[in-house]
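1. predicted structure and sequence below. I'll ask about it afterward.
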Amino acid sequence: MDIFDRFHAAADPERAVKMSAYMRDQFPFLGIQTPLRKSLSREILRGLSANATIDWEFVNECWEQSEREFQYLALDYLTKNKHRLSPDDISKLKHLAVTKSWWDTVDGLDQVVGDIALRHEEVNKTLLAWSKDGNFWLRRLAIDHQLGRKTKTDTELLETIIVNNLGQKEFFINKAIGWALRDYSKTNPAWVRTFISTHKSQLSPLSIKEASRYL
């Protein structure tokens with residue numbers, strides 16, 4: 001039984017309805033919660049991770065499935081193997097970000113894309129372009145790709161990307177700005193306070209609220 005059959009065999013229709021509702025019924029679910037998903041996929045992910053290169057055929061097959069758990073499976077795999085990704089994979093990751101987009105999958109790509117950019121500075125140019133893209137999910141990914149970097153945060157890049165997205169009415173953008181600033185405030189609260197003070201007239205109340213949580 002392959003992983004796709006195993007997931008379908010473990011489906012819980014009652015839970016699937018609740019999980020889909022939580023995601024505003026954007027996508028159908030099998031009803032497999034995270035602990036079970038990770039248990040079911042542990043063996044296949046271990047096998048795939050033994051390969052020196054990313055199996056994009058597997059990733060794309062997961063992304064083509066209707067049920068959301070398969071996209072989560074692909075993200076589990078990519079996150080586990082992010083060190084094997086290179087700038088050559090950015091276009092493939094962009095395709096994932098703009099396909100079946102919602103906050104769950106886009107946020108799941110933050111760490112994956114961010115790790116590539118941290119190792120390959122030339123990717124910053126692409127992220128700057130994404131920060132002005134017409135697709136707001138790409139902009140969200142650009143805003144939050146440095147989450148968790150702490151002292152390795154490129155503050156010049158962070159500021160430019162956020163400034164490119166000020167004055168927005170889109171909830172998911174304003175929330176992302178707040179999260180990016182809040183995360184960095186744990187490392188450099190003075191920088192975040194200065195940023196908020198400088199751009200207060202353009203920051204949304206939501207962004208300021210999220211950014212100020214630990215200040």
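-> The structure has been received and is ready for your questions.
2. residues in contact with stretch 40-58: which ones?
-> 3, 6-7, 10, 32, 73-74, 76-78, 80-81, 84-85, 89, 92 (C-beta atoms under 8 Å, 6 or more residues apart in numbering). All C-beta atoms are positioned from the backbone trio N, CA, C, and that covers glycine.
3. put the alpha carbons of that stretch into CSV.
-> Taking Å, rounded to 0.1, in the frame of the first residue of the first chain, the C-alpha atoms of stretch 40-58 are listed here in CSV:
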residue,chain,number,x,y,z
LEU,A,40,1.8,7.3,8.5
SER,A,41,4.4,9.1,6.5
ARG,A,42,7.5,8.5,8.6
GLU,A,43,8.7,5.5,6.7
ILE,A,44,8.3,6.9,3.2
LEU,A,45,9.8,10.3,4.2
ARG,A,46,12.8,8.5,5.6
GLY,A,47,13.3,6.6,2.3
LEU,A,48,12.9,9.7,0.2
SER,A,49,15.2,11.6,2.4
ALA,A,50,18.0,9.1,1.8
ASN,A,51,18.2,10.3,-1.8
ALA,A,52,20.7,13.1,-2.6
THR,A,53,18.2,15.1,-4.6
ILE,A,54,14.7,16.3,-4.1
ASP,A,55,12.0,14.1,-5.6
TRP,A,56,9.9,16.8,-7.3
GLU,A,57,7.7,14.2,-9.0
PHE,A,58,6.6,13.1,-5.5
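4. model confidence score at M1, please.
-> You'll see M1 listed with a pLDDT of 63.
5. with E43 instead?
-> 95.
6. next one: the strand or helix carrying it to chain centre, how far?
-> Here E43 sits within helix 34-49, counting by DSSP states H and E. In terms of C-alpha atoms, centre = their mean, to the nearest Å, the centre of helix 34-49 is set 20 Å apart from its chain centre.
7. which parts of the helix or strand following that helix are buried?
-> Going down the chain from helix 34-49, the next helix or strand is helix 56-64, by DSSP H and E. If you call a residue buried by 16 or more other C-beta atoms under 10 Å, then helix 56-64 has these buried ones: F58, V59, C62, W63.
8. so the residue nearest to S20 when sequence neighbours are not counted: helix, strand or coil?
-> Excluding its sequence neighbours, the residue lying closest to S20 (C-beta to C-beta, 6 or more residues apart in numbering) is F29, at 4.9 Å. State at F29, reduced to three classes by DSSP: H, G, I helix; E, B strand; the rest coil: coil.
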